[in-house]
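Chemist: Just a sequence and a predicted model for now, questions to come.
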Amino acid sequence: MLESLKDRMGGALRNLRGISKLTDSNISEALKEVRTALLSADVHFKVARDFTDRVQAQCLGEAVTQSVSPGQQAVKIIHDELVKLLGEGSTELPDKRPLRIMLVGLHGSGKTTSTGKLAYFLRKKGFTPALVACDVYRPAAIDQLEVIASKDDFHFYSDRNTQDVPKIGKEGLRFAKDKGADAILFDTAGRLQIDGDLIEEIKKLRSTIQPDEVYLVADSALGQEAVNVAKHFHEAVQLTGIILTKLDGDARGGAALSMKSITGVPIKFMGTGEKVEDFERFHPDRIAQRILGMGDVVSLVEQAQEKLDQKETERLAKKLKKAEFTLEDFLSQIQQMKKLGPLSSIMEKMPGMGNVKIGDKENNQLVRTEAIIQSMTPKERNTPNILNGNRRMRIAKGSGVQVKDVNALLKQFAQMRKMMKSMKGAKGKKMMQKMGGMAGGMPGGGGMPGGLPGGGALPDAKDFPNIPGLGL
């Protein structure tokens, strides 16, 4: 979704950056393209109009900083306004235990899945979650939530013998207290559309359980309709936050930009994939940077800190510096990097790399490289010079590739080893510092950078300020 919106904004921003003097006419012309990009991304027409009006007023009333061009100044203003539009301010959870969270939304929006993802997220923050099944009309919803709870060892409560939802909520609270849970999540029923019965039921449940947070789970693919849904639910049960789901899809993304502005309710979380860990806190400033193609280093660093093995990363870094890197180490590097998600996701968060298109070809190349190395024996990985014709043929058959692919990998790896040896001295040290400690090119990886794995100790996320990417 972010990719779609970013592509639409790209052309408009390129024209803005080329402006040498801010005037009413050239700003109006450039902002027409911005407005068109927002509307084509399914942003509410009133939100798009107000957004460009505010940007234009600021551009004409702002003294241009001498260190930057007028065009850059205009882009900076767009960035700041985009952050406000997405919802500036804290999206932190209340600092209290037990924490009661009620999830509402239409049928098919991803409520039950998001309940499990949120519970997983809270556990990482030190909570002990309990899941309460309040969707009594769809038996599969209770079964699904029970499977999620069982898989991740969450406490789970349901009552299949009653349709009294407030009673289930009340008993669920008692159950959670008995189990020592300090984060109780209530998965409610949905409908294909909002109706009186649905609203009345969730109103009664809210009154009974007195939740600290009420989250609307909204499918980002709904576009304009998602905004109307958010508005109706907010009027009924006073929402405290929104969880946007399916942001990994190809939806146009306007719902994300419109919801906060129309409802005043902040987007707090977003689902970015099918796995339970594909769930992130929503940071307006970081999302704005990604939409404008500025990357998101902070999120990438946080992701690396959470998912990568620090000791293994440091071990690989030492071997790189000593030019002792083997194919066994390279396999470990690939496996480390895979923990960060698809290559396209990694590149999107790197400043200046957002426009680099990573498709099936590059991802398949990485998979193929991993298969080739895994088809080698430990001795072959550590001493590739013993790989004669027969061994290479065996490795090719074992990994489902041609011998020329094995040869290409070994050639690239030899070149990388040669480069590392040339960088061992003072000159090399200086070059590594310039590169930020990043590893060299990735054999078999389509020339992609080695990235964080094997490239030095992980930096701390607090070392990175918000990065608008404009040098301001």
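Modeler: Alright, I've got the coordinates.

Chemist: and the helix or strand where residue 418 lies, C-alpha only, in CSV?
Modeler: Using DSSP states H and E, residue 418 sits within helix 403-422. The C-alpha trace of helix 403-422 is given here as CSV (Å, rounded to 0.1, in the frame of the first residue of the first chain):
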residue,chain,number,x,y,z
VAL,A,403,26.8,-25.6,-13.0
LYS,A,404,27.3,-22.0,-14.4
ASP,A,405,25.2,-20.7,-11.5
VAL,A,406,27.6,-22.4,-9.0
ASN,A,407,30.6,-21.0,-10.9
ALA,A,408,29.1,-17.5,-10.9
LEU,A,409,28.6,-17.6,-7.1
LEU,A,410,32.1,-18.9,-6.5
LYS,A,411,33.6,-16.2,-8.8
GLN,A,412,31.7,-13.4,-7.0
PHE,A,413,32.7,-14.8,-3.6
ALA,A,414,36.3,-14.9,-4.7
GLN,A,415,36.1,-11.3,-5.8
MET,A,416,34.5,-10.3,-2.5
ARG,A,417,37.3,-12.0,-0.6
LYS,A,418,39.9,-10.2,-2.7
MET,A,419,38.2,-6.9,-2.0
MET,A,420,38.1,-7.6,1.8
LYS,A,421,41.8,-8.4,1.9
SER,A,422,42.6,-5.1,0.1
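
Chemist: starting at the chain centroid, how far to that helix?
Modeler: Distance of helix 403-422 from the chain centroid (C-alpha atoms, centre = their mean, to the nearest Å) equals 33 Å.

Chemist: One more: stretch 151-162?
Modeler: So, by C-alpha atoms, centre = their mean, the centroid of stretch 151-162 is 29 Å from its chain's centroid.

Chemist: how long is that stretch from one end to the other?
Modeler: 25 Å (C-alpha to C-alpha, to the nearest Å).

Chemist: Other residues contacting that stretch?
Modeler: Under the criterion C-beta atoms under 8 Å, 6 or more residues apart in numbering, residues 116, 119-120, 123, 128-133, 136, 139, 142, 145-146, 148-150, 167-168, 171-172, 175-176, 179, 181, 276 lie in contact with stretch 151-162. In this view, the C-beta of every residue, glycine as well, is placed from N, C-alpha and C.

Chemist: Show me what counts as buried in it.
Modeler: 154, 155, 156, 157, 158, 159 (16 or more other C-beta atoms under 10 Å).

Chemist: again with stretch 385-396
Modeler: For stretch 385-396, using 16+ other C-beta under 10 Å, the buried residues are 387, 392, 394, 395, 396.

Chemist: what is the mean pLDDT for that stretch?
Modeler: Here stretch 385-396 scores 93 as its mean pLDDT.

Chemist: export that stretch as PDB, just CAs?
Modeler: This file holds the C-alpha atoms of stretch 385-396, laid out as PDB (Å, rounded to 0.1, in the frame of the first residue of the first chain):
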ATOM      1  CA  ASN A 385      39.200 -24.100  -3.600                       C
ATOM      2  CA  ILE A 386      38.600 -27.900  -3.400                       C
ATOM      3  CA  LEU A 387      35.500 -27.500  -5.500                       C
ATOM      4  CA  ASN A 388      36.500 -29.400  -8.700                       C
ATOM      5  CA  GLY A 389      34.200 -30.100 -11.700                       C
ATOM      6  CA  ASN A 390      32.600 -33.200 -10.100                       C
ATOM      7  CA  ARG A 391      31.800 -31.500  -6.900                       C
ATOM      8  CA  ARG A 392      30.300 -28.400  -8.700                       C
ATOM      9  CA  MET A 393      28.100 -30.700 -10.700                       C
ATOM     10  CA  ARG A 394      26.900 -32.500  -7.600                       C
ATOM     11  CA  ILE A 395      26.200 -29.100  -5.900                       C
ATOM     12  CA  ALA A 396      24.300 -27.900  -9.000                       C
END
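
Chemist: Just the ones in helices from the buried residues of stretch 385-396, please.
Modeler: 392, 394, 395, 396 (DSSP state H).

Chemist: any chance of the residues you listed in JSON lines, with distance to residue 408 too?
Modeler: As requested, those are arranged in JSON lines below (distance: C-beta to C-beta, whole Å):
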{"residue": "392", "distance to residue 408": "11"}
{"residue": "394", "distance to residue 408": "17"}
{"residue": "395", "distance to residue 408": "12"}
{"residue": "396", "distance to residue 408": "11"}
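
Chemist: And these, which is closest to residue 330?
Modeler: Comparing those against residue 330 with C-beta to C-beta places residue 395 closest, at 14.5 Å.

Chemist: Quick one: low-confidence residue ranges for the stretch 1-150 of the chain.
Modeler: 1-5, 11, 15, 17-18, 61-68, 88-90 (pLDDT under 70).
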